[in-house]
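> Predicted model, plus sequence, below.
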Amino acid sequence: MVRDELLPDESRLLPDESRIFGWIEEVFRHGVRRPGYAADRWAEGWLQQQFRSFGLERVRAEPVEMPYWEPRAASLLATDARGATTEFACFALPFAVPGELEADLVAFDETSPERVRGAIALYDAPLMRVPHSVYAGLATWHYDPEGSFEGTRQILPFSRAMQDVTRPCTDAGAAGFIGALSDYPGDSSRYYVPYDGTRRDIRAVWVSGSDGRRLSEMLAAGAVRARLSVEAETGTINCYNIVGELPGVDDETVIIGSHHDGPWTSAVEDGSGIALVLAQAAYWSRMPQAQRPHRLMFLLNSGHMAGGAGQASFSRPPCAPRSKTRTCGARSCCGRTSSARSRRRTARTSTSPASRW
């Protein structure tokens, strides 16, 4: 008989905390895991090894075609009305066309967007902030016994335009785009958005909020000429969804998944998701088949940072067992309550923790 609750004596089947965090640290230390990068290729092989070590069946790597984008260099120079030139730190906007551009810098104004036609648009892109109480109101159930949601907000990793952040400027005929991250945590320009895998025919970079304000001050004092340059390697590649299965008491399938790529070294997005899928796989592999309620499929998608290519590919036949899929659960972007211990662990993981997306 299948039981719904986890009995105390079954806790020994669960990987302990040190092992789960060990998986996250192992993934993290291999470096940036964007689709096709060396760290992501390593992850594809390592995950298959982990699945096989648990005794999963039909462990496999399913190919997924997707766009490849790797920035090599980006620079931004701005010359003010007095002829003084300033260099600004910047990060190339993912999947935007590489190349060089020199043009007048014009601040984008949604009331008169035509002003940026033929120019490099300076576009303010503040991140959205949503009160946690909004989510609690929308959810069918939530757990917050200490009232920690009260008066707090989540910083979403997107501006109001979401993935289509350049659209207002391109629709207005801008030749280039400088996105100012006006309230980005850490005042950084390192922002991996958009990641929808869509090529944008515009030269584009991100700058920090403070540098965005400096550029605005230069414009307030007179005309500004800007020159931006982006070098990037682009193309089409195959990455791999990593899949393993365990039989249960029937052939209906429960899919437990996440993605293995990430925008940076990404302990949270999505090293934590990888670790939680591995923890589930380890636990259920130790459970007798008669105690598994359904067939279990463990899935780590590729190409999340390239438009969700792996998820889209898996959802199409013959990959996904649609007719017999009972439910699908995602494990993603998980953390832990702040404590001295967790801060020490963070310090071990990185010499300079920073907010990046």
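Arrived safely, thanks for sending.

> okay, CA-based contacts and neighbour counts for the rest of this
OK.

> residue ranges of the helices in the stretch 1-150 of the chain, please?
Shown for the stretch 1-150 of the chain, the helices assigned by DSSP state H, counting those that start in this stretch span residues 17-28, 38-54, 132-138.

> list the helices and strands the second one packs on?
Translated: helix 38-54. Counting contacts by 3 or more C-alpha pairs under 8 Å, 6 or more residues apart in numbering; DSSP states H and E, helix 38-54 is packed against strand 57-79, strand 225-246, helix 273-286.

> what sits up against it?
Helix 38-54 has contacts (C-alpha atoms under 8 Å, 6 or more residues apart in numbering) with 27, 30-34, 59-61, 239-244, 260-261, 278, 281-282, 285.

> So which residue of the protein lies furthest out from the middle?
Largest separation from the mean C-alpha position in the chain: Arg82, at 41.3 Å (C-alpha atoms, centre = their mean).

> what ranges do the strands span in the stretch 151-300 of the chain?
Ranges of strands in the stretch 151-300 of the chain, per DSSP state E, counting those that start in this stretch, are 153-155, 176-181, 203-208, 225-246, 253-259, 295-301.

> Of the ones you listed, which is nearest Arg167?
Arg167 lies closest to strand 176-181 among the strands of the stretch 151-300 of the chain, at 10.1 Å (C-alpha to C-alpha).

> Can you tell me what sits against that closest one?
Contact partners of strand 176-181, identified using C-alpha under 8 Å, 6+ apart, comprise 101, 119-127, 166, 169, 187-189, 202-209, 211-212.

> check contacts around His142.
Taking C-alpha under 8 Å, 6+ apart, we find His142 in contact with Ala136.

> separation between it and Asp251?
Distance of His142 to Asp251, given as C-alpha to C-alpha, to the nearest Å: 32 Å.

> per-residue confidence for Gly147?
We have a pLDDT of 84 for Gly147.

> Report how many residues lie close to it.
Neighbour count for Gly147, taken as other C-alpha atoms under 10 Å: 9.

> and if you look at the one 4 residues further on?
A count of nearby residues for Gly151, using other C-alpha under 10 Å, gives 9.

> residue contacts, it?
Gly151 is in contact with Pro131, His132, Ser133, counting by C-alpha under 8 Å, 6+ apart.

> Phe91 versus the last one, what's the distance?
Spatial separation of Ser133 from Phe91 under the definition C-alpha to C-alpha is 34 Å.

> do the same with the second one
Per C-alpha to C-alpha, His132 is found 30 Å from Phe91.

> Quickly list the domain ranges of this structure.
Following automatic domain parsing, the chain resolves into domains at 10-68+236-349, 69-232.

> For Pro317, which three-state class applies?
coil (DSSP: H, G, I helix; E, B strand; the rest coil).

> I'd like to know which of the helices and strands packed on helix 38-54 lies nearest to Gln311.
That would be strand 225-246 among those, by C-alpha to C-alpha, at 8.4 Å.

> CA atoms only for the closest one, dumped as CSV, please.
Only the C-alpha atoms of strand 225-246 are listed here, as CSV (Å, rounded to 0.1, in the frame of the first residue of the first chain):
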residue,chain,number,x,y,z
ARG,A,225,27.8,61.4,-28.7
ALA,A,226,28.0,57.7,-27.8
ARG,A,227,30.0,54.9,-29.2
LEU,A,228,29.3,51.3,-28.2
SER,A,229,30.9,48.1,-29.4
VAL,A,230,30.0,44.5,-28.7
GLU,A,231,31.9,41.3,-29.7
ALA,A,232,30.1,38.0,-29.3
GLU,A,233,30.2,34.5,-30.7
THR,A,234,26.9,33.3,-32.0
GLY,A,235,25.5,30.3,-33.7
THR,A,236,23.4,27.2,-33.3
ILE,A,237,24.3,24.3,-31.0
ASN,A,238,23.0,21.1,-29.5
CYS,A,239,22.7,20.8,-25.7
TYR,A,240,21.0,17.9,-23.8
ASN,A,241,18.1,17.3,-21.5
ILE,A,242,19.2,14.8,-18.9
VAL,A,243,16.6,12.2,-18.0
GLY,A,244,16.3,9.2,-15.7
GLU,A,245,13.4,7.1,-14.5
LEU,A,246,12.2,4.8,-11.7
